[in-house]
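S.K.: What follows is a predicted structure for the sequence shown.
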Amino acid sequence: MRRNRGLSFYRRRKKINAAILAEVLKYIAGIAISIFLAVVVVYLFGMRTGIIGVSMEPELTNGQEVLVNRFAYKLANPKAGDVVVFLPNGNRNTHYYVKRVVACPGDTVQIREGILYINGDAVEDEYDLIADAGIAENEIRLGDNEYFVMGDNCNSSEDSRSGNIGPVLRDHIIGEAWFRLGSGDGSGSTGFVH
């Protein structure tokens, strides 16, 4: 007797190989982890801003771009000597300012006869004679969340000495300028900001 070899609705299922499935899942997991890490790194370290003006020369030049480390001040506070990126008075309708922290919360700041004094001690080596003391002509005691910032090229800088900027609140500091991407005219080098 012959069997009918016509249509059969009972086909055999193919078995999925567990080793192949595990390998595919490893690749998918690896891609997902890579995407997650890329997003985190770009958020924390990938913000860029440009330098406007000559206030930070010779360290940073007009048109130069810097990467901003937004994570640095999540765990610690800015300290004297740090180059910070901030929005003056938290105004989101202006460009980011890049300046150096010269005094921290609780410090006193005064500029007398062109010399910067922090807590009564002269800081002569860091700056040329300062032509305009601005609001620092009288001694300023910084509050709990206030930082006094100045440009390295202080005689061509709008900074905490200016009445419309004043001491910078901690909440207005976006992060630390940590890596320069070359100068605006192409002649500068890349490297870490000091």
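M.R.: Nice, thanks for sending it over.
S.K.: Within its local environment, how many residues does Asn77 see?
M.R.: 14 (other C-beta atoms under 10 Å). For the C-beta atoms, the positions are set from N, CA and C on the backbone; glycine is no exception.
S.K.: low-scoring stretches of the protein, by residue?
M.R.: In the predicted model, the chain carries pLDDT under 70 at residues 1-15, 44-45, 182-192, 194.
S.K.: hmm, 50 instead?
M.R.: Residue ranges of the chain with pLDDT under 50: 186-187.
S.K.: Where does the spatially most central residue of it sit: helix, strand or coil?
M.R.: Of all residues in the chain, the one closest to the mean position by C-alpha atoms, centre = their mean is Val68, 2.3 Å from it. The assignment at Val68 comes out as strand when based on DSSP: H, G, I helix; E, B strand; the rest coil.
S.K.: what's across from it in the sheet?
M.R.: Per DSSP bridges, the residues bridged to Val68 are Met47, Ala177.
S.K.: Val193 versus that one, what's the distance?
M.R.: To Val193, Val68 is 10 Å away according to C-beta to C-beta, to the nearest Å.
S.K.: Can you pull the residues that touch both of those two?
M.R.: Shared contacts of Val68 and Val193, defined by C-beta atoms under 8 Å, 6 or more residues apart in numbering, are found at Ala177, Trp178.
S.K.: tell me the contacts of the residue nearest to the centre of the chain?
M.R.: By C-beta under 8 Å, 6+ apart, the neighbours of Val68 are Phe45, Met47, Arg48, Thr49, Val85, Tyr96, Ile174, Gly175, Glu176, Ala177, Trp178.
S.K.: Which among those residues count as buried?
M.R.: Neighbour-count burial (16 or more other C-beta atoms under 10 Å) applied to the contacts of Val68 gives Phe45, Met47, Thr49, Val85, Tyr96, Ile174, Gly175, Glu176, Ala177, Trp178.
S.K.: what's the closest of the residues you listed to Tyr127?
M.R.: When those are compared for distance to Tyr127 (C-beta to C-beta), Ala177 wins out at 18.7 Å.
S.K.: Contacts only, for that closest one.
M.R.: Applying C-beta under 8 Å, 6+ apart to Ala177 gives the contacts Thr49, Leu60, Val66, Leu67, Val68, Asn69, Val83, Val84, Val85, Val98, Val193.
S.K.: Helices of the chain, start to end?
M.R.: Assigned helices in the chain, in chain order: 18-45, 72-75 (criterion: DSSP state H).
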